[in-house]
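Chemist: One predicted model, sequence on top.
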Amino acid sequence: TVKSYSGYESLDVTPQEGTTMARFTWKQYSGSITINGLEERSNKGDAKMINLLESKAKQTEMTLRDKLSQGAFSDGTGNGGKDLTGLSAIVSSSGTLGGISATTYPWWASTASTASSFAANGISTMRTMFNTLSLGNDKPDGIFTTQTNYEYYEGALQPQERFTDTKSADAGFINLTFKGVPIYFDRDCTSGKMYFVNSNYLNFVVHSDADFATGPFVKPENQDAKTALILFQGNLTTNNRRMHGVLTVSAA
């Protein structure tokens, strides 16, 4: 869930259990658009300048999206503490999150388990994880993992595949699911991890004044160039940490 906030010093969240308030800090990312004098003079005319600005802004936004993707799986300590509070921090059975200790408050802990090898007990461990996190109709609705783990799972399903196209047999799956829940792989996912998340209890909060907002161009006195910043301010939060889980897969 994406929420837009402004005017808040921090992101205060009331957990589903207990009365202790979880407090998440804002995180910030920025990227710069620089146009030097040569480029500006070579692109005289409004149309050419607009095209140049759009091209540079798109490149910067793509870089920022890559950083956000990395941050989504981080523990929030990188980049001087400005990285997102990612899944490594949120989906954990220990540690302090939002100022609340999972040791002091056991209800503020995710489920964590390990598969010694995917061939040996990968599917059964996934099944146990999913069932543990399911309460009636409230269950994980997304599983995020690495390409390696994704292919482990695909390989385990391969014997069950049936070829339905008689003209061309496709030895692979287009989309993978587990108990009807989609599985995604991401290059930035922490090695060996498989995150089971419930989006009802995971919010992506974005500041309304810094949702990839472009600031004014500034020209230093000693440079033939001008620069503007594209800013993002936000964070990932959860109000029910125990509805998420993480499985560590040790080997194939």
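Modeler: Done, it's in.
Chemist: who's in contact with residue 204?
Modeler: 1, 2, 3, 234, 236 (CB atoms under 8 Å, 6 or more residues apart in numbering). Using the backbone N, CA and C atoms, a C-beta is placed for each residue, glycine as well.
Chemist: In strands, which of those fall?
Modeler: Among the contacts of residue 204, the ones falling in strands (DSSP state E) are 2, 3, 234, 236.
Chemist: Strands along the stretch 1-150 of the chain, start to end?
Modeler: Along the stretch 1-150 of the chain, the segments classed as strands by DSSP state E, counting those that start in this stretch run 2-5, 11-13, 22-24, 27-36, 96-97, 100-101, 111-115, 142-145.
Chemist: and among those, the most buried is which?
Modeler: Of the strands of the stretch 1-150 of the chain, the one with the most neighbours on average (mean count of other CB atoms under 10 Å) is strand 142-145, at a mean of 22.
Chemist: Now find how far off-centre that strand is within its chain.
Modeler: When C-alpha coordinates are averaged (CA atoms, centre = their mean, to the nearest Å), strand 142-145 and its chain have centres 10 Å apart.
Chemist: try stretch 93-111
Modeler: Taking CA atoms, centre = their mean, one finds the center of stretch 93-111 at 20 Å from the center of the full chain.
Chemist: can you check stretch 66-85 too?
Modeler: The answer for stretch 66-85 is 9 Å, by CA atoms, centre = their mean.
Chemist: Can you tell me what sits against that stretch?
Modeler: Under the criterion CB under 8 Å, 6+ apart, residues 24-25, 27-29, 86-89, 97, 144, 186, 188-190, 193, 232, 234-237 lie in contact with stretch 66-85.
Chemist: hang on, the earlier thing: and the contacts of residue 204, which is closest to residue 63?
Modeler: Top of the list for closeness to residue 63, among the contacts of residue 204 and by CB to CB, is residue 234 at 16.7 Å.
Chemist: Can you name the residues bridging to that closest one?
Modeler: residue 27, residue 206 (DSSP bridges).
Chemist: surely it meets residue 208?
Modeler: No. With contact defined as CB atoms under 8 Å, residue 234 does not reach residue 208; the gap is 9.9 Å.
Chemist: Summarise which helices and strands the helix or strand hosting residue 194 is packed against.
Modeler: In the assignment (DSSP states H and E), residue 194 maps to strand 193-197. Strand 193-197 is packed against helix 87-90, helix 118-132, strand 142-145, strand 245-249, with contacts defined by 3 or more CB pairs under 8 Å, 6 or more residues apart in numbering; DSSP states H and E.
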